[in-house]
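**Q** quick check, what structure comes out for this input:
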Amino acid sequence: MRRTKIISTIGPSSNKFDKILEMAVKGADSFRINFSHGTLEEKKIIIRHIREVSKKVSRMIPVMADLQGPVIRILTKDAVDIRKGKRYRVGYSSGGMWIPNEAFFKGVDRGDILIVDDGRLLFKVDETHKDHIYMKALIDGTLYSNKKVLIKGKEIVDTPLTEKDIRDLEFSLKHNIEYIALSMVRTGDDIKILKEKIEEFGGDPWILAKIENPSGVENISEIAGEADGVIVARGDLGQYYPLERIPSLQQSITYEGNRRGKITVIATQILESMRRNERPTRAEVTDVFKSVEEKVDAIMLTGETAIGRYPVEAVEWASKILEEADTRFNEETIFYNRDFEETLFDKFARGAIYMSHLLEGKIIGYTKRGNTARRLARYRPKSMVYMVTQNEVVASKISLLYGVKAIYEEAGEDYHDILERALSKLRKEGVIKEGDIVIFTVGVRPESTDMLRIEVA
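**A** Just a heads-up that it's a prediction; the model follows:
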C-alpha cells in the first residue's frame, strides 16, 4: 500500500459525486475545499458527497477546509483582456476592477509591482489615491475575477482571521471537518488566535499552517510548534523569493515539521501541466518522486483537480509516482536524527518501529485522539501501521498520516478487545497471515504511548 498520501482540491472540474468517487478510487486520500471560492451551500453539498464516497469505498477520507485568510483579491464582473502597456483603474468599491480591502490601499505605493494570479499577470502602480489606484500592465493576459494579488516585497496583512474566515470556520466545525488550513500564517500567535476561535465554537480539528510568505518562513519553528502540521505553499513563496530558492525553502520547512513530529504537506504546481494535458512532464514526475525522499506525509493537488481538464488522471498519476517512490525509499533504517524533539512517549513509539523493522512485523495500534498514530507515523515505518480507534473523526484525521491505515471500530469493551477485533478483521482481509509477527502498541494512560506487546498471529 502507498504510504505517502494525496490531497485533492475540489473545484468546478471535480465537484460532482461521480468525479469525487473516481478520484477516491484512483488514490485520493483526502479532499481540500478552498473557501476562497463558492458559496457555503455549495460546500455543504460537496461535504455530503465526500462523506458518501468515503462509505462507498469503505475508507476514511478526511476533509480539509482551506480558509481564505487575509488574502487580497481583485474582482471583476467579467473576464478582462489585459494588454501590455495599457493603464487600468482599480477601485475600492464595485465597478470595473475593484479590491474591497482597506489594508491594500493603505499599503500600496506608486512604483509597486502587483503580482496577480500567481504571476500570470503583472502590473506596475503609477498613481495612488485613498480609494483607487491606476496601474499599467507589464504583460498580456486575461484577468479573471477573484484572483489573488500580491505586492512584490510587501506583506499586507492586518489580521490572521477575517470576518469571512470566522463564518467559514464556524460552518466547518458544524460539519465536523477534520482539518483547518490557515492561510498567510506569519507567527505562532496566528495559530493561537485560530485555536481560541475553535474553542469558542466547539470542535477539535487539526490545524495546518500554510507557509507562503517571508514571515512564515522566518518564524517556521514557532509556527510548527503551535500547529498540527505545515503546508509548503510553493506558488506564493515563488512570488516572494527567487525561484531558485524554492527547493531549499521547501526542504527547510518540511525538515522543521518533521523535526517536531508534525504533518508535512507540499502544495502547488505538483502536476501543473495536467491542467490541460493528460500526462505530466518528466520534470513533474521527478518533483513528486523527490518529495517522498523529503519524507512528507502528503502532496496536495490544487488547480490540477480543481479546474484542470483531467482531475481523475492527475490523481492516478500522482498515485503511481508515489507508489514507485515509496518502493525506492523504503529504507532499512527509520527516519530519525538527533535533532528531533522527542518526549518519552515519542521514544517509545520509535522503539516500536525499530522492533517492527527488526522482526519484520506488522504494527497494530490503538489511539483515542490520534497521538499514538502521529508518533508512529513521524518515524516513517517501512510497512503500513494499522491504527484502531473508536472515534470516527479521529479515524478520518489519522488517515492523512504517512503510512497509517485507519480502522474505525465502534464496538469493544476495552483496548484489548478492540485490538483483537482489528486483528481478526485484518486476518479476514488477508493483510495478516498465520505466522506473521504482530506488534501491538497503545497509550494506556491519557495522551501517552506506553504499552507494547508482541505475538505471532
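**Q** where does the chain dip in pLDDT?
**A** Applying pLDDT under 70 to the chain flags the ranges 330-333, 411-413, 444.
**Q** need the longest strand for the protein.
**A** Ranked by residue count under DSSP state E, the longest strand found in the chain is strand 121-128.
**Q** ok, that strand: who's next to it in the sheet?
**A** strand 113-116 (antiparallel), strand 132-137 (antiparallel) (DSSP bridges).
**Q** residue 75 is nearest to which of those?
**A** For the strands paired with strand 121-128, the distance to residue 75 is smallest for strand 113-116, at 11.8 Å, taking Cβ to Cβ. Any C-beta I mention is one placed from the backbone N, CA and C, and that applies to glycine too.
**Q** return the longest strand of the chain as CSV; C-alpha atoms alone will do.
**A** C-alpha atoms of strand 121-128 as CSV (Å, rounded to 0.1, in the frame of the first residue of the first chain):
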residue,chain,number,x,y,z
LEU,A,121,-0.3,38.9,-14.8
LEU,A,122,2.0,41.7,-13.6
PHE,A,123,1.2,45.4,-13.2
LYS,A,124,3.1,48.5,-12.1
VAL,A,125,1.3,51.0,-9.9
ASP,A,126,1.7,54.6,-11.3
GLU,A,127,-0.9,56.5,-9.3
THR,A,128,-2.4,56.0,-5.9
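**Q** in that strand, what's buried?
**A** Residues 121, 122, 123, 125 are the ones in strand 121-128 that count as buried (16 or more other Cβ atoms under 10 Å).
**Q** ok, and the closest non-adjacent residue to the second one?
**A** Leaving aside its chain neighbours, residue 122 sits nearest to residue 138 (4.1 Å; criterion: Cβ to Cβ, 6 or more residues apart in numbering).
**Q** now do the SS call for residue 287.
**A** Under DSSP: H, G, I helix; E, B strand; the rest coil, residue 287 falls in the helix class.
**Q** what's the most distant pair in the buried residues of strand 121-128?
**A** 121 and 125 (13.5 Å).
**Q** residue contacts, residue 130?
**A** residue 105 (Cβ atoms under 8 Å, 6 or more residues apart in numbering).
**Q** same question, the one 5 residues further on
**A** Contact analysis of residue 135 by Cβ under 8 Å, 6+ apart lists 87, 88, 90, 114, 123, 124, 125, 126.
**Q** and those as JSON lines, adding distance to residue 168?
**A** Shown next, in JSON lines, are the contacts of residue 135 (distance: Cβ to Cβ, whole Å):
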{"residue": "87", "distance to residue 168": "36"}
{"residue": "88", "distance to residue 168": "30"}
{"residue": "90", "distance to residue 168": "25"}
{"residue": "114", "distance to residue 168": "26"}
{"residue": "123", "distance to residue 168": "29"}
{"residue": "124", "distance to residue 168": "33"}
{"residue": "125", "distance to residue 168": "30"}
{"residue": "126", "distance to residue 168": "36"}
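**Q** for these, which one is nearest residue 164?
**A** residue 90 (20.3 Å).
**Q** isn't the closest one right up against residue 99?
**A** Yes - with contact defined as Cβ atoms under 8 Å, residue 90 reaches residue 99; the gap is 5.8 Å.
**Q** shared neighbours of those two, anything?
**A** residue 74.
**Q** in the stretch 101-250 of the chain, which spans are strands?
**A** 113-116, 121-128, 132-137, 141-143, 147-151, 179-182, 206-211, 229-233 (DSSP state E, counting those that start in this stretch).
**Q** could those be laid out in a markdown table, adding distance to residue 404?
**A** A markdown table is the format used below for the strands of the stretch 101-250 of the chain (distance: least, Cβ to Cβ, whole Å):
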| stretch | distance to residue 404 |
| --- | --- |
| strand 113-116 | 38 |
| strand 121-128 | 41 |
| strand 132-137 | 48 |
| strand 141-143 | 43 |
| strand 147-151 | 33 |
| strand 179-182 | 14 |
| strand 206-211 | 13 |
| strand 229-233 | 14 |
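**Q** looking at the ones you listed, which is nearest to residue 415?
**A** Proximity to residue 415 (Cβ to Cβ) singles out strand 206-211 among the strands of the stretch 101-250 of the chain, at 22.3 Å.
**Q** tell me which residues are up against that closest one.
**A** Against strand 206-211 from outside (Cβ under 8 Å, 6+ apart): 64, 66, 69, 178-185, 190-191, 194-195, 198, 216-217, 220, 223-224, 226-233, 237, 253, 263, 265, 267, 370, 397.
**Q** pull the CA atoms of the one helix or strand residue 357 maps to into CSV?
**A** Using DSSP states H and E, residue 357 sits in helix 344-359. Extracted C-alpha coordinates of helix 344-359, given in CSV (Å, rounded to 0.1, in the frame of the first residue of the first chain):
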residue,chain,number,x,y,z
LEU,A,344,9.4,9.8,26.5
PHE,A,345,6.3,8.6,24.6
ASP,A,346,7.9,9.5,21.2
LYS,A,347,10.9,7.4,22.1
PHE,A,348,8.6,4.5,23.0
ALA,A,349,6.9,4.8,19.6
ARG,A,350,10.4,4.9,17.9
GLY,A,351,11.2,1.7,19.8
ALA,A,352,8.0,0.1,18.4
ILE,A,353,9.1,1.0,14.9
TYR,A,354,12.6,-0.4,15.5
MET,A,355,11.0,-3.6,16.8
SER,A,356,8.8,-3.9,13.7
HIS,A,357,11.9,-3.4,11.4
LEU,A,358,14.0,-5.9,13.4
LEU,A,359,11.3,-8.6,13.5
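**Q** which residues are in contact with the nearest residue to residue 290 once chain neighbours are set aside?
**A** Spatial nearest neighbour of residue 290, excluding adjacent residues (Cβ to Cβ, 6+ apart): residue 325 at 7.9 Å. Applying Cβ under 8 Å, 6+ apart to residue 325 gives the contacts 4, 288, 289, 290, 291, 292, 293.
**Q** gap between residue 325 and residue 79?
**A** 39 Å (Cβ to Cβ, to the nearest Å).
**Q** also residue 390?
**A** For residue 390, the distance to residue 79 - Cβ to Cβ - is 51 Å.
**Q** one more: residue 148?
**A** Counting by Cβ to Cβ, the gap between residue 148 and residue 79 amounts to 16 Å.
**Q** between the two, which has more neighbouring residues?
**A** residue 148 (18 against 10; other Cβ atoms under 10 Å).
**Q** ok, back up a step: count of neighbours near the residue nearest to residue 122?
**A** 15.
**Q** likewise residue 445?
**A** Neighbours around residue 445, by other Cβ under 10 Å: 9.
**Q** which SS class is it?
**A** Three-state call for residue 445 (three-state DSSP): coil.
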